[in-house]
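Asker: Sequence and computational prediction follow.
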Amino acid sequence: MSVLESGASGWFEELRNFGVELLWHPSVSEETGEEARTIMGRVERGELKLDALCIEGSVLHGPDGSGLFNRLSGTGRSMLEWVRALAPLADYCVAIGSCAAFGGVPAGAPNPTDASGVQFHASEPGGALGADYLSRAGLPVINVSGCAPHPGWIMETLLALSLGRFTQADLDRFGRPRLFADHLAHHGCSRNEFYEFKASAEHFSERGCLMEHLGCKATQAVGDCNQRPWNGGGSCTQVGSTCIACTSPGFENMRGYHQTPKVGGIPVGLPLDMPKAWFVALAALSKSATPKRVRKNSRSDRVEAPPTAEKQR
Amino acid sequence: MNRIVIGPFNRVEGDLEVTLDVESGIVRQARVTAPLYRGFEQLLIGRPAEDALAIAPRICGICSVSQSLAAAAMLRAAQNLEAAPNGLLTTNIAHAAENIADHLTHFYVFFMPDFARASYAARSWHPAIERRFKAMSGESLREALPARARLLETMGLIAGKWPHSLAFRPGGVTRAIDLSGQMRLIALLAEFRGFVERALFAAPIETVIELASCEALEAFVEGAGAAGDFAALLRIARDLKLEEMGRGPGLLMSSGAYLGPEGHLFPAGLFNVADGEARALPFDAIREDVSHAWMRDTASDPANAETIPDMRREDAYSFAKAPRLDGRPVEVGALARQGVAGHPLIKDLLRRAGATNVLARIVARLLEIALLTKAAETWTRSLQLNDRFCAHDAPLQNGAVVGFVEAARGTLGHWASIRDRQILRYQIIAPTTWNFSPRDANGTPGPLEFALEGLEVGGDGASNIAVQHIVRSFDPCMVCTAH
């Protein structure tokens, strides 16, 4: 539903501007019941061209491989069966959200419904369509992950597909569009000064860095979350709620989202690419050099000590 | 007897199938099916209790804040914690934004497009309604969707993003709103007020809030509000007799909505349409029945129950359990909240019709848009910027706790048992679990099933459009229903 926020004149106008026609969407289309089944039947028989199949939600394989934990109502067939029937007919297959991409929360332990993504199960290729699946245009499933994904990630991907400007080179190793996956959620974080000095929040609502104590995964999770506004101007870290790596395969299996796991006082999950010894040395150095202003503000829910660099003339 | 299966029943949230047994053109029996089960309660067991804040909201992309708040209320009870007053107010602003957005989406995207369908082409009002409300292309959507998105910018400010935010804590919210934030919230709410007063009501929201009787509503349609989308719906309702459609079983409940420092904005209670009286809600009389659900037998008290699917159960036809209050089905949602709160227009609409109905459900939702816009303005101005927005967490106590909240669609409860900071049991009863429940062991149908039974569909069968209006009038959220 996040995409319904897209477009300055509304999502439907945006789709029209792109020349994208929605054949059917469960939330917004006029056609219901038999009319909807007719559309899907025409696609399945090859009478109606399917440029892109967009799938939301985990694909449920249970119970016992039947897929009947998610029956497409009115059809007597499981979503698993529908996905396998329609995906080979589509020029492109797009998994919208981390559930469809990697399995998401329903696939978390103990995975009660035997859930997977469309072409991945957590970080393992396979899923509902199998590792070898390619859409008619020769691409694997495109995984617009995120829980929820940014509406911009969805629409920019669909626009690039509709213009024929999206290639294999635009995907990362988990099938995510690089247009958002080439960045870390940490990039552009408004708490960056606190991060640099390891001036950390210890309680929620404090302004300090959320990584050391409160479980923030922004230095390890992909997404341009702090480089583009969410809902007009926010991000998870900006409002002081931790990044839980919702774009990453397997984020659902974390335990204790709000506490940073540590060994000997050192966070277990270090920033991507950073050797542990460097991190320890840098953290010790920066902590010793933390300005009073930064330390004070890191433990407060508001700016207690404003910057005083400006000289009076 | 002719059995009709309607699905995929769309323009609702999630997966819905409705089965009608029709005899001599009349619906003799209706069965409502939630055909999706994901096992969120099973996923929560054994996790750290706080992880409910991360997992539960992901049940649903449109009731996300409500799920967060039910989990936060549950944890607040387990911590025996008092939330910061600013935290409650800020939470209410965000929650109102989600619920207003849901009511708005229901009206413009889910419900009204049915009147733009070709089957109404012979009606005098059809050309104008088709132009304004046709699914995906009606001109109202060019304004309503951006207004909705702009309103949800309050969520960017408070919660970082929508849906699925971790900003809501047992003790308040993670962001302390400063003067800039407060002014931006005031500006966003003023902009939203502009939209509803221009397009939806064509009148000041105070005028809508003060409508106190059916007569006043009739006068509004022809007078002050004549140019609005609300009046357009009311004129259609008169022509199609929406007031006589979809009559519910008659018991309404609310668990209390928008908890502030001085209690709830809309109170908790139980409202009986037959006598027009509100009473105290016996929360501990809530039970769940699995006789017609693809679920294994379990305790009926949600505090002690498990959710384990079993697709071999005879007579089962849904993944939803059947919640009952003292053995009776209950309707929940905006209509129930405003009935319990005693809004005079809603009480008069229920008195006139003698039952809940399609029209009353829609009017109550739009009335709540007016009430909540005004309340959010008040909450925003009441923030004490020098005070805290979040109380620190306290240690979790062992034991059984419950958290209630009113989602857009009605009462949402999270029952949990906690031991050594971990979740031992977790049960969720969502609004549409109540409204779209299957039958219970006594054969008593759920509210939607009740509302469909007796409907004359003639020879139309599945294409009967009254079925569409009745089902959508409840604004079901199917992903929450069976979770």
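Answerer: Structure received.
Asker: can you count the residues close to B:P395?
Answerer: Other residues within reach of B:P395, judged by other Cβ atoms under 10 Å in any protein chain shown, total 9. (C-beta placed from N, C-alpha, C; glycine too.)
Asker: Next, the contact list for it, please.
Answerer: B:Q79 (Cβ atoms under 8 Å, 6 or more residues apart in numbering or on different chains).
Asker: quick one: secondary structure of it?
Answerer: Here B:P395 is recorded as coil under DSSP: H, G, I helix; E, B strand; the rest coil.
Asker: what do you get for the one 5 residues further on?
Answerer: Reduced to three states with three-state DSSP, the structure at B:A400 is strand.
Asker: Kindly report the same for B:E288.
Answerer: Strictly by three-state DSSP, B:E288 counts as strand.
Asker: One more: B:I4?
Answerer: Assignment for B:I4 (three-state DSSP): strand.
Asker: Look up how far B:L16 lies from it.
Answerer: Applying Cβ to Cβ, to the nearest Å, the value for B:I4 to B:L16 is 14 Å.
Asker: In terms of packing, which of the two has more residues around it?
Answerer: B:L16 (30 against 20).
Asker: and the more buried one, what does it touch?
Answerer: B:L16 sits in contact with A:73, B:7-9, B:32-35, B:436, B:471, B:476, B:478, where contact means Cβ under 8 Å, 6+ apart.
Asker: cool, B:V471 as well?
Answerer: B:9, B:12, B:16, B:18, B:448, B:452.
Asker: export the residues you listed to TSV and tack on pLDDT and secondary structure?
Answerer: Converted to TSV, the contacts of B:V471 look like this (pLDDT from 0 to 100; DSSP: H, G, I helix; E, B strand; the rest coil):
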residue	pLDDT	secondary structure
B:F9	96	coil
B:V12	96	coil
B:L16	97	coil
B:V18	97	strand
B:L448	98	helix
B:L452	98	helix
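Asker: top of the residues you listed by neighbour count?
Answerer: Most neighbours among the contacts of B:V471, by other Cβ under 10 Å: B:L16, with 30 neighbours.
Asker: How about the residue most central in space within chain A: what's its closest non-neighbour residue?
Answerer: Against the mean C-alpha coordinate of chain A, by Cα atoms, centre = their mean, the closest residue is A:G146 at 1.3 Å. Closest residue in space to A:G146, ignoring its immediate chain neighbours: A:T247 at 4.9 Å, by Cβ to Cβ, 6 or more residues apart in numbering or on different chains.
Asker: Shouldn't the one you found be within a helix?
Answerer: No - assigned with three-state DSSP, A:T247 falls outside any helix and is coil.
Asker: Now A:G164: which helix or strand?
Answerer: Using DSSP states H and E, A:G164 sits within no helix or strand.
Asker: Near it, how many other residues are there?
Answerer: Neighbour number of A:G164 under other Cβ under 10 Å is 9.
Asker: What residues does it make contact with?
Answerer: Per Cβ under 8 Å, 6+ apart, neighbours of A:G164: none.
Asker: where's it relative to A:A52, distance?
Answerer: A:G164 sits 12 Å away from A:A52, taking Cβ to Cβ as the criterion.
Asker: B:A167 too?
Answerer: 33 Å.
Asker: Kindly report the same for A:R16.
Answerer: With Cβ to Cβ as the criterion, A:R16 and A:A52 are 16 Å apart.
Asker: quick one: which of the two has more around it?
Answerer: Set A:R16 next to A:A52 and count neighbours by other Cβ under 10 Å: A:A52 wins out with 18 against 15.
Asker: I'd like to know the beta-bridge partner residues of the more buried one.
Answerer: Beta bridges link A:A52 to A:Y92, judged by DSSP bridges.
Asker: Which parts of chain B are strands?
Answerer: Assigned by DSSP state E, chain B shows strands spanning B:2-6, B:17-23, B:26-33, B:168-169, B:172-173, B:251-260, B:263-272, B:277-279, B:286-289, B:322-325, B:399-407, B:410-419, B:422-429.
Asker: Looking at these, which one is packed in the most?
Answerer: With neighbours taken as mean count of other Cβ atoms under 10 Å in any protein chain shown, the strands of chain B reach their highest mean count in strand B:172-173, at a mean of 30.
Asker: Excluding chain neighbours, what is closest to the closest residue to chain B within chain A?
Answerer: Relative to chain B, the nearest point of chain A is A:G74 (2.5 Å; Cβ to the nearest Cβ). If the residues on either side of it in the chain are set aside, A:G74 comes closest to B:G7, at 2.5 Å by Cβ to Cβ, 6+ apart.
Asker: What is the burial count for the one you found?
Answerer: Applying other Cβ under 10 Å, I find that B:G7 has 24 neighbouring residues.
Asker: Let me see the contact set for it.
Answerer: Contacts of B:G7 by Cβ under 8 Å, 6+ apart are A:33, A:72-75, B:16-18, B:33, B:35.
Asker: same thing with B:L20?
Answerer: B:3-4, B:6, B:27, B:29-31, B:452, B:457, B:461-462, B:467.
Asker: Let's see that with 7 Å instead.
Answerer: Applying Cβ atoms under 7 Å, 6 or more residues apart in numbering or on different chains to B:L20 gives the contacts B:4, B:27, B:30, B:452.
Asker: can you map out the helices along the stretch 1-150 of chain B?
Answerer: Counting by DSSP state H, counting those that start in this stretch, the stretch 1-150 of chain B has helices at residues B:40-44, B:52-55, B:64-79, B:85-105, B:126-133, B:141-151.
Asker: Report pLDDT for A:E310.
Answerer: You'll see A:E310 listed with a pLDDT of 69.
Asker: And for A:R313?
Answerer: Reported pLDDT for A:R313: 60.
Asker: cool, A:I266 as well?
Answerer: At A:I266, pLDDT is 81.
Asker: What strands line up against the worst-scoring helix or strand of chain A on mean pLDDT, and which way round?
Answerer: Using mean pLDDT, DSSP states H and E, strand A:266-267 stands out as the lowest-scoring helix or strand of chain A, at a mean of 82. Sheet pairing here is set by DSSP bridges, and for strand A:266-267 it gives strand A:262-263 (antiparallel).
Asker: looking at it, the residue of chain A closest to chain B is touching A:R37, isn't it?
Answerer: Yes - using Cβ atoms under 7 Å, A:G74 is in contact with A:R37, at 6.0 Å.
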